[in-house]
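Q: whatever this is, show me its structure:
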Amino acid sequence: MSDREMSSRAMSEESIGFKIVIPARYGSTRLPGKPLIPIAGKPMIQHVVERARESGAEEILVATDDRRIAEVCQGFGAEVVMTGSEHRSGSERITEVIELRGWHDDVVVVNLQGDEPAMPAALLNQVASDLAGIADLGMSTLAAPISARATLFDPHVVKVVTDAKGYALYFSRAPMPWHRDEFLADHPELPTSVAFLRHIGLYAYRVGFLKRYLAWAPSPLEVAESLEQLRVLWHGERIHVAIAVSEPGPGVDTASDLLKAERHLA
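A: So this is what the prediction gives:
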């Protein structure tokens, strides 16, 4: 195990105070009403809240602009914060929650998306601990190694390239890094001389950082790739990327993902 992986594992085992906010919206192009779709006998959002409760978070909130989602969440005992409907991303919705709750700038907040019913608690703890362990850092996230060529070339899989200390250089839907000689030769296996990483869409932020983030305009790269984290790099801030200590369960973007999540949670 590398020093970076050992550090990631050690930090994930520490107990720190952090909060989880679960942004959940009813509108979805491919799966309308996605947070309320039943999986293994429960609405998806309930599974997400249960994963959050399995972590070490000191406070868990669902942030939504939809009364239907709010009523379902309150029905199984989740705390809900009603937010505006104008937000373009989960990060923007969480920033409104921060303002409504008056949290201090140093508070660590984990963004757990409302379509991640199988996210392991170990990863929630890890991403929060990773951020807490790096002074003056505003944002951290996770990644996992890619071993299959098809995964690297899949535009639905976000890739990340980091520097020697694990800070993100770029996120993209394109295959990267581009190994010129190996890929031009069209070898079926991925080269082993360079690391290929799949981004896991789980973020931890410091509150003060999110306040700055909200003031930034979306960047051209963010719009082109449809990746909100590129706004951070565009404006010159750093994102630390830790190697995940466990494999995340399936997130839900499509109808086929629902079947995977059903099998996983059953």
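Q: tell me the contacts of residue 233?
A: Residue 233 makes contacts with 168, 169, 170, 171, 221, 239, as judged by Cβ atoms under 8 Å, 6 or more residues apart in numbering. Where C-beta positions appear, they are placed from N, C-alpha and C, glycine not excepted.
Q: can you give me the neighbour number for the fourth one?
A: When you say that, I think you mean residue 171. For residue 171, the neighbour count with other Cβ atoms under 10 Å is 25.
Q: beta partners for it?
A: Beta-bridge pairing of residue 171, defined through DSSP bridges, involves residue 160.
Q: just to revisit the earlier point, and the contacts of residue 233, which two are furthest apart?
A: 221 and 239 (13.6 Å; Cβ to Cβ).
Q: wait, residue 265 touches residue 38, no?
A: No - between residue 265 and residue 38 there is no contact, the gap being 10.9 Å when judged by Cβ atoms under 8 Å.
Q: neighbour count for the two, which is higher?
A: residue 265 (18 against 12).
Q: per-residue confidence for the closest residue to the more buried one other than its chain neighbours?
A: What sits nearest to residue 265 in space, not counting adjacent residues and going by Cβ to Cβ, 6 or more residues apart in numbering, is residue 40, at 4.3 Å. Model confidence at residue 40, given as pLDDT, is 91.
Q: tally of neighbours for residue 40?
A: 13.
Q: how about it, phi and psi?
A: phi 50, psi 40 (degrees, to the nearest 10).
Q: wait, it touches residue 266, no?
A: Yes - applying Cβ under 8 Å as the test, residue 40 and residue 266 come out as touching, 5.1 Å apart.
Q: counting neighbours, what do you get for residue 176?
A: 17.
Q: report the contact partners of it.
A: Contacts of residue 176 by Cβ under 8 Å, 6+ apart are 159, 161, 170.
Q: at 6 Å what do you get?
A: 159, 161 (Cβ atoms under 6 Å, 6 or more residues apart in numbering).
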